[in-house]
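**Q** How does the following fold in three dimensions:
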Amino acid sequence: MTTQNPVSHDPVQPRTIIGRMPKYAAGKPPTEVSGLEAFKLSSNENPLPPIPAVLDAIREQVSLNRYPDPLSTKLRNALAGFLDVPADDIVTGAGSLGALTQILATFAGQDDDGVQDEVIFAWRSFEAYPIVVQTAGALPVEVPLLADGRHDLDTMAEAVNERTAVILLCTPNNPTGPILTQDEVDAFIAKVPKNVLIVVDEAYQEFVRDENAVDGIKTYREHTNVVVLRTFSKAHGLANLRVGYSVSHPEVTEFLRVGATMFAVSSLAEDAAVASLANYGQVVERVQKIVDERTRVVNALKELGWDIPKAEGNFVWLPLGANTAEFVALAEVQALSVRGFAGEGVRVSIGEIEANTRFVDLCRNYPKGSSLS
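**A** Residues are numbered from 1 along each chain as shown. Below is the predicted model of the structure:
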């Protein structure tokens, strides 16, 4: 006699944590306004296309019916020469976020004892942090930023306990913009136990011009518990291809490769990234154009009386607080999409020259942001 399972009419339910997790809000496209060219300044994208050699490499890729090299050997070898690090110290991922997800899946979560690991990070910072931390099964520990938009490293160090598994340092901090200095990161690392993994997220490293900024690669060389995150999405203009990587010592990479997502970087993305590295001088020229525009925008805002954090990424932060939604709506009327964080502020990417000029004009005519009004 066959015993049938009882039929349940209850709907399929996700893990309980899913209902408590914040939702990632991608930058919205701009609203079309008659008579105005629309610009998207909401996702920190590079407004310039990839360099010609990259476009050629993409056109030449014909092996789309084959799986890519799971180890991204060609790219890791190119990066090894570019960064002067062992290729075995590099683990690729689908953007720096994909690389971070692999790190958290490997080093933070809930072990057999049922106790959750803790992951410390500044807040507000990259909005995906609390999502990927909780998806991994770990407990997010958010430490408020200082008034100037910088990490409060002293409080972050005080938050470390026996359950701390990973600490995330975002420099320049997204969305506020300031960097961490080498001296303060060195002092912070000295306070943290060696069995805690410290991730230095340098997604915007190429845009930094502060000579005192932390050098993630230098820091990783000196500390076996430091991992560096970088990406080809921003400076190289390859956001759509999703290719990033982490750099860490063998004590870390031997485990990372176990938990890494197989075939995360396509051969198309790999060839594009290799071509971009081979012509890095052209990438630097394009990055400098964005930095020059950032300088123009920041100087204009300061002249208008705006008090904003120091911008070292490809974006600026307007700490508008309760006026955030109003400013976002006014930008929309001007065919500009910007990224608002409710009740906190607005992040505006450095885009095309016309877009940046229109943004400055909007700030000139907005009385609630300037201390001179």
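**Q** for the protein, which spans come out with low pLDDT?
**A** Residue ranges of the chain with pLDDT under 70: 1-9, 21, 23-27, 370-373.
**Q** Repeat the analysis, applying 80 as the threshold.
**A** Low-confidence segments of the chain (pLDDT under 80): 1-10, 12-30, 368-373.
**Q** Which stretches in it count as helices?
**A** According to DSSP state H, the chain carries its helices in the segments 16-20, 52-60, 73-83, 95-107, 129-135, 153-158, 182-191, 216-222, 250-259, 267-278, 280-303, 324-333, 353-364.
**Q** Which strands and helices lie in contact with the third one?
**A** What it means is helix 73-83. Applying 3 or more C-beta pairs under 8 Å, 6 or more residues apart in numbering; DSSP states H and E, one finds that helix 73-83 makes contact with strand 90-93, strand 244-247, helix 267-278. Every C-beta, even on glycine, is put in place using the N, C-alpha and C of the backbone.
**Q** Which among those is found nearest to Ser233?
**A** strand 244-247 (6.8 Å; C-beta to C-beta).
**Q** And the closest one, what does it pack against?
**A** Contacts defined by 3+ C-beta pairs under 8 Å, 6+ apart place strand 244-247 against helix 73-83, strand 90-93, helix 95-107, helix 216-222, strand 226-231.
**Q** want to throw those into JSON lines with distance to Phe188 and mean neighbour count?
**A** JSON lines is the format used below for the helices and strands packed on strand 244-247 (distance: least, C-beta to C-beta, whole Å; neighbours: other C-beta atoms under 10 Å):
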{"stretch": "helix 73-83", "distance to Phe188": "23", "mean neighbour count": "17"}
{"stretch": "strand 90-93", "distance to Phe188": "24", "mean neighbour count": "26"}
{"stretch": "helix 95-107", "distance to Phe188": "18", "mean neighbour count": "24"}
{"stretch": "helix 216-222", "distance to Phe188": "10", "mean neighbour count": "18"}
{"stretch": "strand 226-231", "distance to Phe188": "11", "mean neighbour count": "27"}
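**Q** mind putting the ones you listed in JSON lines, distance to Glu285 included?
**A** Formatted as JSON lines, the helices and strands packed on strand 244-247 follow (distance: least, C-beta to C-beta, whole Å):
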{"stretch": "helix 73-83", "distance to Glu285": "17"}
{"stretch": "strand 90-93", "distance to Glu285": "25"}
{"stretch": "helix 95-107", "distance to Glu285": "23"}
{"stretch": "helix 216-222", "distance to Glu285": "22"}
{"stretch": "strand 226-231", "distance to Glu285": "19"}
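**Q** for the helices of the chain, which one ends up most surrounded?
**A** Most buried of those, by mean neighbour count (mean count of other C-beta atoms under 10 Å): helix 95-107, with a mean of 24.
**Q** who touches that one?
**A** 91-93, 117, 119, 128, 132-133, 135-136, 138, 165-166, 168, 197, 199, 201, 203, 227, 229-231, 233, 239, 242-246, 255-256, 258-261, 264 (C-beta atoms under 8 Å, 6 or more residues apart in numbering).
**Q** now the angle from that helix to helix 267-278?
**A** Relative orientation of helix 95-107 and helix 267-278, computed by axes from the mean of the first three to the mean of the last three C-alpha atoms, to 10 degrees: 110 degrees.
**Q** Show the contacting residues for Leu48.
**A** Contacts of Leu48 by C-beta under 8 Å, 6+ apart are 237, 286, 289-290.
**Q** where's it relative to Ala355, distance?
**A** Leu48 sits 13 Å away from Ala355, taking C-beta to C-beta, to the nearest Å as the criterion.
**Q** Please apply the same query to Asp215.
**A** 32 Å.
**Q** next one: Arg364
**A** Distance, Arg364 to Ala355, using C-beta to C-beta: 15 Å.
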